[in-house]
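Visitor: sequence first, then the predicted structure, then my questions.
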Amino acid sequence: MNEAKRHTENRWQRLLRSLLYGHDVDRNVKAKARLGLAVVAFAGIFSIIALRLVMFATTSEGHGGRRSVTQDAVATARPDILDRNGEILATDVKTPSLFAEPRKIIDVDEAVELLTAVLPDLDASEVRERLSSKRGFVWLRREITPSQQQEIHRLGIPGVGFLTENKRIYPNGAVVSHEIGHVNIDNQGIAGIEKWLDGQGLAALHMAGLATDQLQRPVTLAVDLRVQYALRDELIAARDKYKAKASAGVIADVNTGEIIAMVSEPDFDPNNPREATDPNRLNRLTTGVYEMGSTFKALTLAMALDSGRVSLSSSFDARMPLRYGKFEIHDFHAQKRVLSVPEIFTYSSNIGTARMALSLGVEYHKAFLKKLGQLDRLRTELPESAEPLVPKHWGELNTVTIAFGHGLSVAPLQAVMGISALVNGGKMIPPTFLKRDQAEAERLAQRVIKPETAEKMRYLMRLNVEKGTATRANVAGYYVGGKTGTSDKVVGGRYSKTKVLTSFTAILPSDKPRYLLLIMLDEPQGLPETHGFTTSGWNAVPVGAQVIERVAPLLDVPPRFDLPKADQMLLVSAKEPR
Amino acid sequence: MRLLNILVIGALILAASFVYKIKFDSTLQAERVAKLRGELRRERNAIAVLRAEWAKLDTPGRIQGLADRHLALQPVKATQIDKLDRLPERPAVVVPSPGDDPIGAMLAPAPDTTGSVLPPGR
């Protein structure tokens, strides 16, 4: 094959050579061949010229294209961020920015004088220094108003120009601040969902200068702006009323893991990013870790009930304080008798839960909490997260204290995830700030407890609102269930007697939970109407009730007034065909 | 042969003028496109500004402030919400008897009202 090819090539070459140079060839034929070669050569050259002409003709709308390049030179457009109903949480607006090319400036002094006349707050010496530099490009002022642009344009200073930049606007101010985060002056995400967006490839687009506004699809979050606002409004009121250092709240959809609202007060206005660096304004729900107190008893009870070794009719001895080494575990609402499992929950008995956890053993306890994701760092879309503080050597004493929520610090959002799994039928679904549908949630879900245990947990939560520590959360019509938590804060390495962190975890409605609400108050003070008490039932619970009353209609939870008492709930659900 | 040359030259001139016309038209069109594109961009920017402004005016905080100041509305209570299928049947409309019947007109029911809306003229 190869040889044959070479053979034909050689023959062709030989023919050509003999035609062009051969002595034995007819002169006429030779001339014709040479002419033909010249024709081919010229035709080639001319066709190249023609082709180039066509190319120039078709691409000569160059000035239009070039202008748009300079206008969008800083192509840093970001997609809009919308809430679950399509309300705008963050959007881009084009603003002109003033720049100079120092090499092209003729008279620096004149330029400085004219510019400071239009922009009085411009620092004259700094501008002079910048204009005198040898650089090709300097910013003079970012984000000027269109009228200022007009005035400077009319001054006609050579070497001064405008670039249209994208400015990020957060119309809702501080309301959704901790979720969406904020951007810097170059429109790069610094925190929250904005930073997450950059991680999703937007930063690369910015680097390549390709991030124009037409390519970007808006991002839809799970948050509901109305619910978020209502929650924040109530939390601000609560913080003022109880003179708390901080207040925080989450509303999560227990069946999809979506975070419908998340507020950590005090927060910041993302339009003014300087506020965001204040450590007091950090997001306590994801970046803070706390001992959740009695809220954790829900996890302990679920563990005990799910193990099959403890049933709702089991009982534990709470007559005496539990002695462990030099430590003594007391009950806040001490009953000094043998308590049944529901009583342990409703009286929030430390002794009872501790005995329950001990009866199952340290390893079982540890494995259960691990399964519920309480021992590992919880990663969400938000870049900010905190590692839970887990004891290095987990002995029996640790199990005793962790059973009632001391000695293990977790991010509150983590606790929300764990408790959601206890009530939604036993499926753990990682929380998300983006909109998610039921099918995707099912795909991500992991079964952690049996559905029957979840049923019992709902009953206990409801019972606790009917006759336990959370009676003030019994909002008529919504069948609220919940667990309170009050933990002493650690001050200087010791548990403080006066400074507490109170929390309230509510589910709504208890027979078939759809939403979970967590309210947290940091160092609430006693008030005359709370009789000086600072426990959760006196502050976090009423706040939770107010939030539920306000938010339930927005969340499309229909009020029902024909609901059975908690004691009948188990029977009803047992009879219900599945 | 000469006739052919003349014909070819004529065709060439025709073709050249035709191409020139096309080129001229296309330049015009291109300028129009560029202008429209600029306009589109301006409009799109204006829309973005208006959307941002709308969102700002539409924030729940602002609406709440306005409602508190100007309206006498109260938050909805759970007891005020009910399902549609629990709504009682609408009372049958009584057709007023024809003819002049002052006593009958007095007995005739007022126009349909709900409990929360006062019937007109009372």
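Guide: Looks like it arrived, so ask away.
Visitor: distance of A:R355 relative to chain B?
Guide: The gap separating A:R355 from chain B is 40 Å, by Cβ to the nearest Cβ, to the nearest Å. For glycine as for every other residue, the C-beta is placed from the backbone atoms N, C-alpha and C.
Visitor: check A:V465 too.
Guide: Using Cβ to the nearest Cβ, A:V465 is found at 15 Å from chain B.
Visitor: that residue - that's part of a helix, no?
Guide: Yes - judged by DSSP: H, G, I helix; E, B strand; the rest coil, A:V465 forms part of a helix.
Visitor: thought B:T79 was touching A:G477?
Guide: Yes - assessed by Cβ atoms under 8 Å, B:T79 is found in contact with A:G477 at 7.0 Å.
Visitor: what about the two, which has more around it?
Guide: Shown here are B:T79 and A:G477; by other Cβ atoms under 10 Å in any protein chain shown, A:G477 has more neighbours (20 against 10).
Visitor: specify the local secondary structure of that one.
Guide: Under three-state DSSP, A:G477 falls in the coil class.
Visitor: ok, it - contacts?
Guide: Going by Cβ atoms under 8 Å, 6 or more residues apart in numbering or on different chains, A:G477 touches A:P559, A:R560, A:F561, B:A78, B:T79.
Visitor: now do A:Q148
Guide: A:Q148 sits next to A:V118, A:L119 when contact means Cβ under 8 Å, 6+ apart.
Visitor: distance between the host helix or strand of it and the chain's centre?
Guide: Element membership of A:Q148, judged by DSSP states H and E, is helix A:146-155. Centroid displacement of helix A:146-155 relative to its chain, using Cα atoms, centre = their mean, to the nearest Å, is 40 Å.
Visitor: just stretch A:411-430 next, same as before
Guide: Distance, centroid of stretch A:411-430 to centroid of chain: 17 Å (Cα atoms, centre = their mean).
Visitor: only the buried residues of that stretch, if you could.
Guide: A:411-429 (16 or more other Cβ atoms under 10 Å in any protein chain shown).
Visitor: what does stretch A:103-116 give?
Guide: Under the neighbour-count criterion of 16+ other Cβ under 10 Å, stretch A:103-116 has A:I105, A:V108, A:A111, A:V112, A:L114, A:L115 buried.
Visitor: please save the CA atoms from that stretch in CSV.
Guide: Extracted C-alpha coordinates of stretch A:103-116, given in CSV (Å, rounded to 0.1, in the frame of the first residue of the first chain):
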residue,chain,number,x,y,z
ARG,A,103,0.2,58.7,31.6
LYS,A,104,-2.3,60.5,29.4
ILE,A,105,-2.9,63.3,31.9
ILE,A,106,-1.4,66.6,30.8
ASP,A,107,-1.9,68.9,33.7
VAL,A,108,-2.2,67.0,37.0
ASP,A,109,-2.9,70.2,39.1
GLU,A,110,-5.7,71.3,36.9
ALA,A,111,-7.2,67.8,36.9
VAL,A,112,-7.1,67.6,40.7
GLU,A,113,-8.6,71.0,41.1
LEU,A,114,-11.5,70.3,38.7
LEU,A,115,-12.2,66.8,40.1
THR,A,116,-12.3,68.0,43.7
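Visitor: need the contact partners of that stretch.
Guide: A:98, A:100, A:122, A:124, A:127-128, A:131-132, A:134-136, A:140, A:152, A:155, A:157-160.
Visitor: anything in contact with each of B:T79 and A:G477?
Guide: Shared contacts of B:T79 and A:G477, defined by Cβ under 8 Å, 6+ apart, comprise A:P559, A:F561.
Visitor: strands along the stretch 401-550 of chain A, start to end?
Guide: A:409-410, A:427-428, A:446-447, A:481-491, A:494-508, A:515-522 (DSSP state E, counting those that start in this stretch).
Visitor: does chain B sit close to the last one?
Guide: No - Strand A:515-522 stays out of contact with chain B when judged by Cβ under 8 Å from any Cβ of the partner chain, the minimum separation being 15.1 Å.
Visitor: now that strand: average pLDDT?
Guide: What strand A:515-522 shows for mean pLDDT is 94.
Visitor: which bits of chain B sit near chain A?
Guide: B:23, B:27, B:30-31, B:33-34, B:37-38, B:41, B:44-45, B:48-49, B:51-52, B:54-56, B:58-61, B:64, B:75-79, B:81-83.
Visitor: quick check: PyMOL command selecting the buried ones in those residues.
Guide: Of the residues of chain B next to chain A, the buried ones go into a single PyMOL selection, burial set by 16+ other Cβ under 10 Å:
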select buried, chain B and resi 30+34+41+45+48+51+52+55+59+60+78
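Visitor: let's see which of the residues of chain B next to chain A end up in helices.
Guide: Among these, DSSP state H puts B:23, B:27, B:30-31, B:33-34, B:37-38, B:41, B:44-45, B:48-49, B:51-52, B:54-56, B:60-61, B:64 in helices.
Visitor: about what we covered before: closest to A:R355 among the contacts of A:G477?
Guide: Using Cβ to Cβ, A:R560 comes nearest to A:R355 of the contacts of A:G477, at 37.4 Å.
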